[in-house]
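K.L.:
I would like the atomic coordinates for the input below:
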Amino acid sequence: MDRTDANRADVDVDDLLKVILVLAIAWLLLEIVDTVLDLTFALVDAIPRLIVVVIVVLIALRLADRI
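P.N.:
Have a look, this model is predicted:
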């Protein structure tokens with residue numbers, strides 16, 4: 001099992017930088033997905049309130065003979 005031409009710890013700096021770059025990109029993508037999901041759920045949570053506002057505006061317009 002001992003190979004004389006390569007050591008397990010013998011890794012190029014470029015290869016390590018590539019691994020770190022891939023990990024950093026994955027981290028950023030996860031942060032972006034998390035932010036998008038948070039915004040989506042915030043909008044979904046706000047839908048009932050928006051429906052109530054629309055209903056109130058429609059009733060107010062109806063009572064004011066604007067519809």
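
K.L.:
For this protein, which segments count as helices?
P.N.:
Per DSSP state H, the chain carries helices over the ranges 13-63.

K.L.:
Look up phi and psi at Asp10.
P.N.:
phi -90, psi 90 (degrees, to the nearest 10).

K.L.:
Next one: it relative to Val53, how far apart?
P.N.:
Per CB to CB, to the nearest Å, Asp10 is found 66 Å from Val53. Placement of C-beta: from N, CA and C, glycine included.

K.L.:
so how far is stretch 28-48 from its chain's centroid?
P.N.:
6 Å (CA atoms, centre = their mean, to the nearest Å).

K.L.:
next one: stretch 18-38
P.N.:
9 Å.

K.L.:
what's around Phe41, how many residues?
P.N.:
Neighbours of Phe41 under the rule other CB atoms under 10 Å: 10.

K.L.:
ditto for Asp45
P.N.:
9.

K.L.:
More neighbours: which of Asp10 and Val53?
P.N.:
A direct count of neighbours by other CB under 10 Å for Asp10 and Val53 places Val53 higher, at 11 against 7.

K.L.:
shaky segments in this protein?
P.N.:
Applying pLDDT under 70 to the chain flags the ranges 1-8, 67.

K.L.:
gap between the residue nearest the centre of the chain and Ala24?
P.N.:
In the chain, the residue lying closest to the centroid (CA atoms, centre = their mean) is Val33, at 1.9 Å. According to CB to CB, Val33 stands 15 Å off from Ala24.

K.L.:
And Val54, by the same measure?
P.N.:
44 Å.

K.L.:
Could you do Leu37 as well?
P.N.:
21 Å.

K.L.:
And for Pro48?
P.N.:
Taken as CB to CB, the span from Pro48 to Ala24 is 39 Å.

K.L.:
same deal with Val56?
P.N.:
Counting by CB to CB, the separation of Val56 from Ala24 is 48 Å.

K.L.:
same question, Leu58
P.N.:
Taking CB to CB, one finds Leu58 at 50 Å from Ala24.

K.L.:
swap in Asp38?
P.N.:
Counting by CB to CB - Asp38 and Ala24 are separated by 21 Å.
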